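Student: Need coordinates for the below:
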Amino acid sequence: MNNSFSKMFLCFCLFIFTESKAQDPIAAFQPKVFHTDSDTLLYRILWPEDFDENEEYPLVLFLHGAGERGSDNKRQLTHGSKLFLEHKNDFPAIVIFPQCPKSDYWSNVTIKTKKGKRTFHFDDKGDQPANKSLKMVMHLVDSISDLSYVDNSRIYAAGLSMGGMGTFEIVSRKPDTFAAAVAICGGDNPASAKNYAGKVPFWIFHGEKDDVVPCKNSKRMAKAISKQGGDVKLTLYPEANHNSWDSAFAEPKLLPWLFSKRK
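Tutor: This next block holds a predicted model:
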């Protein structure tokens, strides 16, 4: 009796451990390093369950916020990774989370602070080259999208805060690559909307009480995309501060909307 109970308890513990490990982003997302002749980029990749090289899968690029910059190749999984991990059976996809070094930024933006308020001044993409880290991400996306098992009609970009800004920028620089994009509490130069409006649908999220990145940044981008005839959804959370990604990730229609889009 005791021996039987011990075996059952051991099996139960093994099941809990296996399930916990399966839901742990650090364990589930494989660490990788992307190399070019001049630099390297740390990133993590999530493979579909029962991955088959003879099949084609969507590719999702997710850009983290400024607080997750570093060189540990782990911190970038803090926000957003669990969303794709928990729904990997519903939406089989290859998901990549690159990590930006602390010394760099995904977006070409100058941040100024006056009387405790921050303002963001975005460069015109036609005048300035991409920052080094975003350039590396663009090369990484090109490299992975060349693989036979990537469905090039279903490549998506998403990001939050600094990564939301980077999402606008990478889509602006590569409008023929992405089938849809999600930008959370980000922003960009409204003039860039002409580069992708009508080509790449956007779903933009922001908290109206955001005291880190002003909500007006997202409102301005949604207005610019719409004015250019683009497909844009804007969701504002009246009581949310900067962490509007929590509400965005809880949207039941977010992933169905994203994965329904094709080039």
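
Student: how about the helices in this protein?
Tutor: 2-22, 25-28, 81-86, 132-145, 162-173, 216-227, 245-249, 254-260 (DSSP state H).

Student: ok, and which of the ones you listed has the densest surroundings?
Tutor: For the helices of the chain, the largest average neighbour count (mean count of other C-beta atoms under 10 Å) is found in helix 162-173, namely a mean of 27. For glycine as for every other residue, the C-beta is placed from the backbone atoms N, C-alpha and C.

Student: now that helix against helix 216-227, angle please.
Tutor: Computed with axes from the mean of the first three to the mean of the last three C-alpha atoms, to 10 degrees, the direction of helix 162-173 lies at 20 degrees from that of helix 216-227.

Student: measure stretch 96-114 end to end?
Tutor: Stretch 96-114 has its terminal residues 36 Å apart, counting by C-alpha to C-alpha, to the nearest Å.

Student: Burial check on Gly207, number of neighbours?
Tutor: Burial measure for Gly207: 25 neighbouring residues, criterion other C-beta atoms under 10 Å.

Student: Between the helices of the chain, which one is closest to Thr110.
Tutor: Among these, the nearest to Thr110 by C-beta to C-beta is helix 162-173 (11.8 Å).

Student: Give the other helices and strands that the closest one contacts.
Tutor: Packed against helix 162-173 by the contact rule (3 or more C-beta pairs under 8 Å, 6 or more residues apart in numbering; DSSP states H and E) you find strand 57-63, helix 132-145, strand 150-160, strand 180-184.

Student: Just give me how far stretch 216-227 sits from the chain centre.
Tutor: Distance of stretch 216-227 from its chain centroid, counting by C-alpha atoms, centre = their mean, to the nearest Å, is 19 Å.

Student: returning to that earlier point: reformat the helices of the chain as CSV; add mean pLDDT.
Tutor: CSV is the format used below for the helices of the chain (pLDDT from 0 to 100):
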stretch, mean pLDDT
helix 2-22, 47
helix 25-28, 96
helix 81-86, 97
helix 132-145, 97
helix 162-173, 98
helix 216-227, 98
helix 245-249, 98
helix 254-260, 98
